[in-house]
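Participant: Kindly return the folded structure for what I paste below:
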Amino acid sequence: MTRVRLQDSQWTKIRDFLRGDPNAYIGKDEGECRRFVEGVLWITRSGSQWRLLPAEYGRWNTVYKRFARWCDQGVWERMLQHFAGDPDMEQGMIDSTVVRAHPCAAGAQKKRRTGGASLGT
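Facilitator: Sure, this is the predicted structure:
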């Protein structure tokens, strides 16, 4: 999958939102925070495992821990609500319509065990 890149106008809106959120830490390097947000977008759009996050977004475990912390603190939910009515942010926000599900979550046939003795007998 190609690199996920926010448009500068999208990043400006996200950055301004994050500056006003008490639980979102941007830090001194806004470029690092932008890479983090783009890394999260890459994961959600690709449906990939965190360990497969390309190194250009940072260390996968660091990105994951920050993502999880923002989840616990409600940052992502507030951001989605904030930008829900902004058509310019359509490609910058993730909701359940663009997140890939594992095939079994989408109703795929499950593997059945055939033959052999049953357990517990």
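Participant: roughly how far apart are the residue lying closest to Arg51 once chain neighbours are set aside and Val40?
Facilitator: Nearest non-adjacent residue to Arg51, counting by Cβ to Cβ, 6 or more residues apart in numbering: Trp60, 5.5 Å away. Glycine gets a C-beta too; all of them are placed from N, C-alpha and C. Going from Trp60 to Val40 by Cβ to Cβ, to the nearest Å gives 11 Å.
Participant: And for Trp76?
Facilitator: From Trp76 over to Val40 (counting by Cβ to Cβ), the distance is 8 Å.
Participant: Among these two, which residue is more densely surrounded?
Facilitator: Val40 (20 against 16; other Cβ atoms under 10 Å).
Participant: so what's the more buried one scoring on pLDDT?
Facilitator: On pLDDT, Val40 comes in at 94.
Participant: isn't it right next to Phe67, touching?
Facilitator: Yes: between Val40 and Phe67 there is a contact at 5.4 Å, judged by Cβ atoms under 8 Å.
Participant: in stretch 6-20, what's buried?
Facilitator: For stretch 6-20, the neighbour count (16 or more other Cβ atoms under 10 Å) marks 6, 10-11, 13-15, 17-18 as buried.
Participant: Which ones among these lie within helices?
Facilitator: When DSSP state H is applied, the buried residues of stretch 6-20 are split such that 10-11, 13-15, 17-18 fall in helices.
Participant: In JSON lines: those, plus distance to Cys33.
Facilitator: Supplementary listing: those in JSON lines, determined by distance: Cβ to Cβ, whole Å:
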{"residue": "Gln10", "distance to Cys33": "13"}
{"residue": "Trp11", "distance to Cys33": "9"}
{"residue": "Lys13", "distance to Cys33": "14"}
{"residue": "Ile14", "distance to Cys33": "9"}
{"residue": "Arg15", "distance to Cys33": "7"}
{"residue": "Phe17", "distance to Cys33": "12"}
{"residue": "Leu18", "distance to Cys33": "7"}
